[in-house]
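Trainee: build me a model:
(chains A and B)
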Amino acid sequence: MSAIHKVWKLGADIDTDQLAPGAYMKLGIHDIAKHCLEGVRPEFAAQVKVGDVLAAGPNFGIGSSREQAADALVKLGVKAVIAPSYGGLYFRNAFNLGLLLLTCKQASSLEEGEAISLDLKQWAVVRTNGQRLACDPIPDFLLAMVEAGGLLPQLKQRLQSERDSS
Amino acid sequence: MLEELGAQIWDKSRVVLIMDHYVPEQDDDSRRIVRIAREWAVEQKLPHVYDSQGICHVVLPQKGHLKPGMFCVGGDSHSPTGGALGTYMFGVGSTEMLGVVVTGQIWVRVPQTYLMRWHHRLQTGVTAKDMMLHMIGKFGMNGGEYQAVEFGGEAVQALSMQERMTMSNMSAEMGSQVGLIAPDEVTRAWLATTGAQDVHVEGWHTDEGADAVIHDFDAATLVPQVAAPHSPANTRAVGEFQNTPIQVAYIGACTGAKLDDLRAAAQVLKGHQLPSGVRLMVAPASLHDQAQAESEGVMQSLREAGAEVLPTSCGACSGYGGSIPDGANVIATTARNFKGRMGSATAQVYLASPYTVAASAIRGFITDPREVLA
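Mentor: Next comes the predicted model:
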C-alpha cells in the first residue's frame, strides 16, 4: 500500500519568482520557503503538510535558474509536483535537490484537497476511485537521484565508494 | 561544499568565477555573499576570476573564454547567451554546478532542433530584441520546450555579435535549453578581439536536411515590439501601446546594456532632453563596454540627455538592487517583466529594444523609435 498524499491545486505558468520571490533571495532557504507561492496561495507555506503534492498547470517552474524554487518545496516537505510540463531548468534543479516531478497530461483533472497515491513502478497517479492518470516514465538514474535525496548525497556516496575502492 | 564532499575542483583552468549579481554590495547580506565568493577564489587559487567587471554573460565571451563547439554550463538562466558564438551553453542551478565543478560531467537529453529562419533584412530601428520578443510572443515562455533552438537566415547572419548575444540570451525566455547561431566570419572577427586562441568556426552548423522543426519569419516586415506586464510573451507591435505614459526607462542587463545597446540608445537620445517626470537609468553590461562607449562619446550623449549612470551589474533587472518606484510605468531593455521582479510589485514593466526604450524616454510615453530616428 503506497502512501496517501493530499493535493494542492495550482494554475499554469507558476514561475520561479512565485516559488522563491527575488526579494527574499538573500535569506536562507528556510526563510525563502516561508514565502513560497505567497502570491497565489498566501496560506500555502504555513499550512502545507509533509507528504502533500502539488497539481499544477503547464510550464511549472519557468523562469530563473534559482534552485531555491525547488528547494523551498523540499524544505516544506512536498513529496512531488504533478504537471503537464515544466521549465527545463526547474526540471533539472528539482531532481538535483531530491524533488520528484511527474509529467502528467491529465494533471488538471486532479482536485484541490483530494487524496492520491503514486505508482512509481507503472508511472501513474492513482485516485481513491481507482482511476489512474498516466505519467511519463522517469529514467532510472534520475529516480535514483531523487531517492538518494538529490545530487549531493548521491555524489557523496559515489566519491566515498571511489575512495573505499582505491 | 567541496570540503564536505571531500572533493577537489575537477580542472581549475576550466572554471571561470564572475561576481555580478550582488555587486556593488548594498547591505550586510550581499557583502557576506560576495565575501564568500572572493575568499573561495583566493583559497582555491582560481586562475579566472572577474570581480565587478560586468555581467557574466557579457564578461565571459569578452575575456575570450567561449569558442565555437564548446560545451559549457553557467550558474544563471541567461547562460544560453554563449550560443551566439556557437557554444552549446545552458544554465544550471548551484547544486548541479557543484556536481560539474567536482566531476566535469552532466547529463543532457539529446534535444530536438527548432530552427528559426529569418529571411531578408531588418528595417532601421528594429533589432534582435524585437525578433526575440516577437518569437516569445508567438511561441510562449515554454514554447522552446527545453529543446535546442537555432537562429538562422539572412537577417541573423547580418547581426553584429552583440546583437546575436541578445537573441541567444532571450532564448531562455522561450524556454529552450540553448539558442545557437552558426559561427561565421562575424564570429571569427569578434573572437579575434578577445584574445581567444585556436578558434575554428568551420563545421559548427546544422546539416542540410537535418531533422528539425522549421519556422520561417520575414525580418523586413517586423516592426518594433513591446512586451506588456507581466510576461515577456505578452508581446505586441509598439503601435498598440502608443500614449502609454512611462515614468522610468531602464537600459540595463546582459540582454540590453551591451556596447551595441548603448550605441543604439545614444543614437536616439543624442541632442534630446528627458522631459520632467521621466527618469532614465543606464547600467552598462560590462566595464569593457562602458569604457568603449565612453571613448566613442556614447556615454556623454546619454548623460547629456539626462540619464543617470548606475554601476555595471545585474542591478535592478534581477530585483537585487536599483530603485524602481512603486506604481511606476517602467520600460526596460531587460529580458523579464515578471510581477515584482524589479523590486516593486506594483510597478508595470514593459520590455522593448534599446531604441524603443530611449525613444519612449524622450517622449514620456511608449514610442516607435522609427519616428525619432527618421
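
Trainee: quick one: contacts for residue A:62?
Mentor: Residues in contact with residue A:62, defined by Cβ atoms under 8 Å, 6 or more residues apart in numbering or on different chains, are A:13-16, A:86-87, A:90, B:141-142, B:175. For the C-beta atoms, the positions are set from N, CA and C on the backbone; glycine is no exception.

Trainee: quick one: which of the residues you listed sit in helices?
Mentor: A:16, A:90 (DSSP state H).

Trainee: so what's the residue positioned nearest the centre of chain B closest to, chain neighbours aside?
Mentor: Nearest to the mean C-alpha position of chain B, by Cα atoms, centre = their mean, lies residue B:255 at 2.2 Å. In this structure, residue B:255 finds its nearest non-sequential neighbour in residue B:335, 4.1 Å apart by Cβ to Cβ, 6 or more residues apart in numbering or on different chains.

Trainee: count of neighbours near residue 27?
Mentor: All of this is about chain A. By other Cβ atoms under 10 Å in any protein chain shown, the residues close to residue A:27 number 15.

Trainee: correction: the question concerned chain B.
Mentor: Other residues near residue B:27 come to 10 when the count uses other Cβ under 10 Å.

Trainee: what's the closest non-adjacent residue to it?
Mentor: Distances taken as Cβ to Cβ, 6+ apart place residue A:26 nearest to residue B:27, at 7.8 Å, with adjacent residues excluded.

Trainee: mind giving me the packing neighbours of the strand or helix carrying the residue nearest to the centre of chain B?
Mentor: Per DSSP states H and E: residue B:255 is located in helix B:253-256. Here helix B:253-256 touches helix B:56-62, helix B:161-170, going by 3 or more Cβ pairs under 8 Å, 6 or more residues apart in numbering or on different chains; DSSP states H and E.

Trainee: which stretches in chain A count as strands?
Mentor: For chain A, applying DSSP state E gives strands covering A:5-9, A:53-55, A:80-83, A:100-103, A:115-119, A:124-127, A:132-134.

Trainee: roughly how far does residue A:165 sit from chain B?
Mentor: For residue A:165, the distance to chain B equals 14 Å [Cβ to the nearest Cβ, to the nearest Å].

Trainee: what's the local residue count around that residue?
Mentor: Neighbours of residue A:165 under the rule other Cβ under 10 Å: 6.

Trainee: one more: residue A:140?
Mentor: 8.

Trainee: now do residue A:4
Mentor: For residue A:4, the neighbour count with other Cβ under 10 Å is 12.

Trainee: show me which residues of chain A sit near chain B.
Mentor: Contact residues (Cβ under 8 Å from any Cβ of the partner chain) of chain A with chain B: A:13, A:15, A:17, A:21-23, A:25-27, A:39, A:58-59, A:62-67, A:70, A:85, A:87-89, A:91-93, A:96-97, A:141, A:150-152, A:155-156, A:159-160, A:163.

Trainee: got the contact list for the residue of the stretch 151-300 of chain B found nearest chain A?
Mentor: Relative to chain A, the nearest point of the stretch 151-300 of chain B is residue B:177 (5.6 Å; Cβ to the nearest Cβ). Contacts of residue B:177 were listed using Cβ under 8 Å, 6+ apart, and they are A:88, B:80, B:90, B:108, B:111, B:144, B:146-148.

Trainee: what's the following helix or strand past the helix holding residue B:255 in contact with?
Mentor: Counting by DSSP H and E, the element after helix B:253-256 in chain order, helix or strand, is helix B:259-269. Outside helix B:259-269, the residues that touch it by Cβ under 8 Å, 6+ apart are B:127, B:160, B:162-163, B:166, B:251, B:280, B:282, B:284-285, B:289-290, B:292-293, B:296-299, B:301-302, B:305, B:307, B:333, B:353-355, B:357-359, B:361-362, B:369, B:372-373.
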